[in-house]
Structures are given as structure tokens and as C-alpha cells.
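Q: structure, please.
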Amino acid sequence: MAAVSNITLNDAQATPVLHTFVPLGPDNAGVWWWEDQTGTSAIGYNKISMQLRRSAPAKDGDNSGSRVNRVTIGIHTPKLETLANNSAGVTPPPQVAYTPRCYIEFVMSERSSVQDRKDLRKYADFLLAEAQLTDMVENLRNVY
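A: Take a look at the predicted model:
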């Protein structure tokens, strides 16, 4: 088991900025959370979520091919907006306008080897940098 620690990621700005996500710990559902606390308001902090769901203990007659472990990763980037001043001229606090998110889920049979899992993670790593996927996510252009 790896000890929890900060996660550092660059953004996609013209001059990339390094963001440090500090661990917050698990929530009641067992999802671990990290938070980039550099924003102006805590409600708008970028977050990373990770959860490992292990398969339940085997029972007699279970088909080992259908028993899986799942790792789900989420990236959450809330965008804030401040509504116009109220009638007294007071600017209200910002609120979340929308939250772009990404979820990646790895579904791995209990029978999978360490090499199988390494290959799957590496394929996902390279796929996220692949030109067709990049164009689809960034420019909302489908493949043809």
C-alpha cells in the first residue's frame, strides 16, 4: 500500500502551471480526495478522486472470470461565476456555474496478472495523449 501524498500536475496553459493537489482523505463511500487549494474560493478548488473497489470474497461456485476489481479516477474542475450586485450594491460570493469532469475506470479481473494491469494503465496513459482523443475532447470533433 502506498502512503498518501501530494499529487502534482501541470495544466494546459501556454506557460504550464504546476498544481499541487493535497490529500484530504476518504469520504464515507471510501473515495479518496485530493484538492488543489490555490483558487480564490474553496468552492472552486480543483479536485481529484480515486476509489478502489475490490471484489467480494469468493463463494462456492463463483466464476473467477467474472469477478473484478475496479479503480475509478475522477478529475473535477469547478468553474465559478459571480452574479451581479444585489440591490444594496453588495457583490455576492461566487458560486459554481458548472464543473467539467473526467472519469476513468479500470475494470480488472481477479485473474489478471500484474503485467496485464501495467499494460492497461500504460495504454490509458498513451490514449489520453493520442491525437484523435485530444481533438475529440478539446475541440469536440468526432472521428470519421
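
Q: quick one: the helices in the protein?
A: If you assign secondary structure with DSSP state H, the helices in the chain sit at 114-128, 131-139.

Q: and the longest one, how far out from the chain's middle?
A: Using Cα atoms, centre = their mean, to the nearest Å, we find the averaged C-alpha position of helix 114-128 to lie 16 Å away from the chain's own average C-alpha position.

Q: over to stretch 13-28?
A: Here the centre of mass of C-alpha atoms in stretch 13-28, compared against the chain's by Cα atoms, centre = their mean, lies 10 Å away.

Q: can you start the count at 42 instead of 1 from here on
A: Let's use 42 as the start, then, which means that last one is stretch 54-69.

Q: pull out the buried residues from that stretch.
A: The neighbour-count check on stretch 54-69 (16 or more other Cβ atoms under 10 Å) flags 60, 62, 65 as buried. From N, CA and C alone the C-beta is placed, and that goes for glycine too.

Q: and the residue lying closest to the first one once chain neighbours are set aside, how many neighbours?
A: This points to residue 60. If the residues on either side of it in the chain are set aside, residue 60 comes closest to residue 77, at 4.6 Å by Cβ to Cβ, 6 or more residues apart in numbering. For residue 77, the count of nearby residues is 20 (other Cβ atoms under 10 Å).
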